[in-house]
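Peer 1: here you go, sequence then predicted model.
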2 protein chains.
Amino acid sequence: MQLSDSLNQLIEALRCQPGIGPKSAQRIAFHLLERDRKGGTQLGSALTKAMTAIGHCQTCRTFCEQPQCDICLSTKRQDSGTLCVVESPTDVLAIEQTGQYLGLYFVLMGHLSPIDGIGPKEIGLDVLEQKLSQGGINEVILATNPSVEGETTAYYIAQLCHKNNVGASRIAHGIPVGGELDLVDGRTLMHAFSGRRVVTQE
Amino acid sequence: MQLSDSLNQLIEALRCQPGIGPKSAQRIAFHLLERDRKGGTQLGSALTKAMTAIGHCQTCRTFCEQPQCDICLSTKRQDSGTLCVVESPTDVLAIEQTGQYLGLYFVLMGHLSPIDGIGPKEIGLDVLEQKLSQGGINEVILATNPSVEGETTAYYIAQLCHKNNVGASRIAHGIPVGGELDLVDGRTLMHAFSGRRVVTQE
C-alpha cells in the first residue's frame, strides 16, 4: 500500500523532533489523523507562528518575541550588577524556577567547540565583552555545564572578565542534595572534596 | 522567567502527540528553536497540509487524498472477491507489508463500543452492508483486533455477512512465529489449542 504524499511528508517531518523515530512518527501521524485533527491543526499553526515570531533578546540572546526580554528590561535586575552565563534558555528556566537568583543572564546558545566551527563569536562572546567593558557588572557567575566544552567555555569567559576587571565565579559542583554518597560518580565526588568549605564555629 | 506566548502555545500544542508529556514537549520546542528551525517550519506546513488534504476513501474508508484509494481502484483487487475488515489504516499497512494478501479492504476506523456511543453506523457498517448486498464479494476476512470489542465487532459483521449470503472467516490466533511456548499468555495458548489443524499424511 502506497501511503498518500501528504501522509508520507507528515511522517518524515515529524522525525525532526528529538526522540521520535520512524515508528513513533507513523503512530503520531495516524493518531492525529484518526483522533485529533483539531490538535494537529493547532500544532501546525503554533509551529509556523513560533518559528517566525520567536527571535533572540538583543542583550542576553535568550528566546524572545520583543527586541529585549523581560529580565533584561527589569531595572531591579540591572541594578543587581551580577550576570549569570548559561549555555541554553532551558538553563535560564531552571535557575528562574529556584526563585533565588535575581540578577541578569547571558545565554551562549551553545559552548565553544572549535572542531564544529563554533568559536567565541558564534556564542556571542563579542557581545558579552562589550557588555563587560561598558561597566555596571560586578560579578559574572559561570553556570555552563560541567562537560569538557562547558569547562573550557567557562575558563575562556573568566579570562575575558579578568581583562575587563570584572570578578568571575564558577557554580559549585558536588553531591546533589538528596543524593547518596555511594551512588555518585568519582568525578563528582572529587569535585565535592576539592570544593569543600570550612565549617565555622558559632 | 515568563516564557513568551508563542513558545507557551507551541509547548502546549506539542502535547497533542501521544507519548509526549510536558517535559518532552518543552525539550522538543527548545530543540526546534535552537537547532532545527527549518525542520520545525516544514513540520508546521506538513501538519497544516495533511490535516486538510487527507480525507477518507469513499469505498473502504482508509486515509486517502483522492475520492477513492489505489487499492479500491485496482481491478485486479476488485476481481479477487475477498474483503478484509480491519480496525485502522495502520492494520492495512501491516497486512500490505506481508505482500501475501491481494484482495480489498474495509477500514472501520474503530470498533463497536456502545458505551462510548460508537454503534454500527459510526464504524461505517451501513456502507459495508450496502457493499455486501451489491454482490461481487465471496469472502469477508475479519481481521479486527483480538480484544473484547474487536471480537464483538467481528461477530456482528459475521452476522451481516450471513444475512447477505457472503462467507465470513476470522484470522487465526495462536503462538506467534518465533515465539516461545512458555512465554505466551494463557488466552493465546487456549486459542492455539482450539484452532489446531490436522497434520495430513503425505
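Peer 2: Everything's here; your move. Computed from a predicted structure; not experimentally measured.
Peer 1: can I get the worst-scoring helix or strand of chain A on mean pLDDT as CSV, trimmed to CA atoms?
Peer 2: The helix or strand of chain A with the lowest confidence, counting by mean pLDDT, DSSP states H and E, is helix A:186-194 at a mean of 84. This file holds the C-alpha atoms of helix A:186-194, laid out as CSV (Å, rounded to 0.1, in the frame of the first residue of the first chain):
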residue,chain,number,x,y,z
GLY,A,186,34.0,9.6,41.0
ARG,A,187,34.5,12.9,39.2
THR,A,188,31.6,14.5,41.2
LEU,A,189,33.0,13.1,44.4
MET,A,190,36.4,14.6,43.5
HIS,A,191,34.7,18.0,42.9
ALA,A,192,32.9,17.7,46.2
PHE,A,193,36.2,17.1,48.0
SER,A,194,38.2,19.8,46.3
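Peer 1: what about chain A, any weak spots by pLDDT?
Peer 2: Chain A contains residues with pLDDT under 70 at A:1-2.
Peer 1: all strands for chain A, in order.
Peer 2: A:55-56, A:63-64, A:82-86, A:104-107, A:139-142, A:167-170 (DSSP state E).
Peer 1: of all the ones you listed, which one comes closest to chain B?
Peer 2: Taking Cβ to the nearest Cβ, strand A:63-64 is the member of these nearest to chain B, at 6.0 Å. (C-beta placed from N, C-alpha, C; glycine too.)
Peer 1: does the closest one reach chain B?
Peer 2: Yes: if you take Cβ under 8 Å from any Cβ of the partner chain as the test, strand A:63-64 does meet chain B, through A:63-64.
Peer 1: that strand pairs with which strands, parallel or anti?
Peer 2: strand A:55-56 (antiparallel) (DSSP bridges).
Peer 1: which outside residues touch the partner strand?
Peer 2: Strand A:55-56 has contacts (Cβ atoms under 8 Å, 6 or more residues apart in numbering or on different chains) with A:62-65, A:109.
Peer 1: do that again at 10 Å, thanks
Peer 2: A:62-67, A:69, A:89, A:107, A:109, A:124, B:4, B:33 (Cβ atoms under 10 Å, 6 or more residues apart in numbering or on different chains).
Peer 1: okay if I get the strands of chain A as CSV plus mean neighbour count?
Peer 2: Converted to CSV, the strands of chain A look like this (neighbours: other Cβ atoms under 10 Å in any protein chain shown):
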stretch, mean neighbour count
strand A:55-56, 15
strand A:63-64, 23
strand A:82-86, 22
strand A:104-107, 25
strand A:139-142, 20
strand A:167-170, 16
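Peer 1: make JSON lines out of these and add distance to A:Ile115.
Peer 2: Listed next are the strands of chain A as JSON lines, based on distance: least, Cβ to Cβ, whole Å:
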{"stretch": "strand A:55-56", "distance to A:Ile115": "24"}
{"stretch": "strand A:63-64", "distance to A:Ile115": "26"}
{"stretch": "strand A:82-86", "distance to A:Ile115": "22"}
{"stretch": "strand A:104-107", "distance to A:Ile115": "22"}
{"stretch": "strand A:139-142", "distance to A:Ile115": "22"}
{"stretch": "strand A:167-170", "distance to A:Ile115": "24"}
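Peer 1: would you map out the domains in chain A?
Peer 2: Following automatic domain parsing, chain A resolves into domains at A:5-53, A:56-170.
Peer 1: of all the ones you listed, which one is nearest B:Met190?
Peer 2: domain A:5-53 (29.7 Å; Cβ to Cβ).
Peer 1: work out the gap between the closest one and the centre of the chain.
Peer 2: 25 Å (Cα atoms, centre = their mean, to the nearest Å).
Peer 1: check stretch A:117-128 too.
Peer 2: With Cα atoms, centre = their mean, you get 15 Å for stretch A:117-128.
Peer 1: restrict it to CA atoms and write it as CSV.
Peer 2: What follows is stretch A:117-128, C-alpha atoms only, in CSV (Å, rounded to 0.1, in the frame of the first residue of the first chain):
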residue,chain,number,x,y,z
GLY,A,117,33.5,25.6,13.9
ILE,A,118,31.9,27.2,17.0
GLY,A,119,34.3,29.9,18.1
PRO,A,120,33.9,32.9,20.5
LYS,A,121,31.9,34.9,18.0
GLU,A,122,29.3,32.1,17.3
ILE,A,123,28.4,32.0,21.0
GLY,A,124,28.2,35.8,21.3
LEU,A,125,31.3,36.5,23.3
ASP,A,126,31.9,39.7,21.4
VAL,A,127,28.5,41.0,22.7
LEU,A,128,29.5,39.8,26.2
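Peer 1: and the contacts of that stretch?
Peer 2: Contacts for stretch A:117-128 (Cβ under 10 Å, 6+ apart): A:56, A:58-61, A:83, A:85, A:87, A:106-114, A:116, A:129-132, A:137, A:140, A:144, A:149, A:153, A:156-157, A:160-161, A:164.
Peer 1: switch the cut-off to 8 Å
Peer 2: If you take Cβ under 8 Å, 6+ apart as the criterion, stretch A:117-128 is touched by A:61, A:85, A:106, A:108-112, A:153, A:156-157, A:160.
Peer 1: and chain B, which of those residues contact it?
Peer 2: Restricting these to those near chain B - Cβ under 8 Å from any Cβ - leaves A:Met109.
Peer 1: residues in contact with the residue most central in space within chain A?
Peer 2: A centroid search over chain A (Cα atoms, centre = their mean) returns A:Ser88, at 1.3 Å, as the residue closest to the centre. Contact analysis of A:Ser88 by Cβ under 8 Å, 6+ apart lists A:107-110, B:30, B:34.
Peer 1: kindly report the same for A:Ile175.
Peer 2: A:Ile175 sits in contact with A:181, A:184, A:188-189, A:192, where contact means Cβ under 8 Å, 6+ apart.
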